[in-house]
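# sequence-free structure coming up:
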């Protein structure tokens, strides 16, 4: 893993790295009104350098409410505008449950691990 960027605040840490040629944004802490802009800023910057896809790793997110949901929807819409794919890693209930309850899970590519997301991005060899 090649770590390219690291930002830390009392509530949030954002790391941007490249894993197997795919940009991965790892978010740790709380995604709320005070931190959402930081997350979206990292997503916007990453889409500039990312290839066809970006992985948002929310495994270490401890708080995720309506602002977090809005942040992911905005990131998903941005990916669509740019012709890219956004894959979200969210194995824990704190993030997954709000996405399920609101139905947002139906529009996101949701995975249990970065490895699962990377596997989903690998082209399937034709027979």
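That came through, no problem. On a predicted model such as this, the values are computed, not experimentally measured, just so you know.

# okay, CA-based contacts and neighbour counts for the rest of this
Will do.

# Against which helices or strands is the helix ranked longest in the chain packed?
Under DSSP state H, the helix in the chain containing the largest number of residues is helix 66-82. Under the contact criterion of 3 or more Cα pairs under 8 Å, 6 or more residues apart in numbering; DSSP states H and E, helix 66-82 touches helix 36-49, strand 85-89, helix 93-102.

# Check the average confidence over it, would you?
Average pLDDT, helix 66-82: 96.

# now it: how far from the chain's centre is it?
Here helix 66-82 is found 9 Å from its chain centre; the criterion is Cα atoms, centre = their mean, to the nearest Å.

# starting at the chain centroid, how far to the longest strand anywhere in the chain?
Looking across the chain with DSSP state E, the single longest strand is strand 53-64. Offset of strand 53-64 from its chain centre (Cα atoms, centre = their mean): 5 Å.

# That one pairs with which strands, and in what direction?
strand 22-31 (parallel), strand 85-89 (parallel) (DSSP bridges).

# out of the ones you listed, nearest to residue 61?
Nearest of these to residue 61, taken as Cα to Cα: strand 22-31 at 4.7 Å.

# Now do that closest one: everything it contacts.
With Cα atoms under 8 Å, 6 or more residues apart in numbering as the test, strand 22-31 has contacts from 11-18, 39, 42-43, 46, 50-51, 53-65, 67-68, 118.

# got the angle for it vs helix 93-102?
90 degrees (axes from the mean of the first three to the mean of the last three Cα atoms, to 10 degrees).
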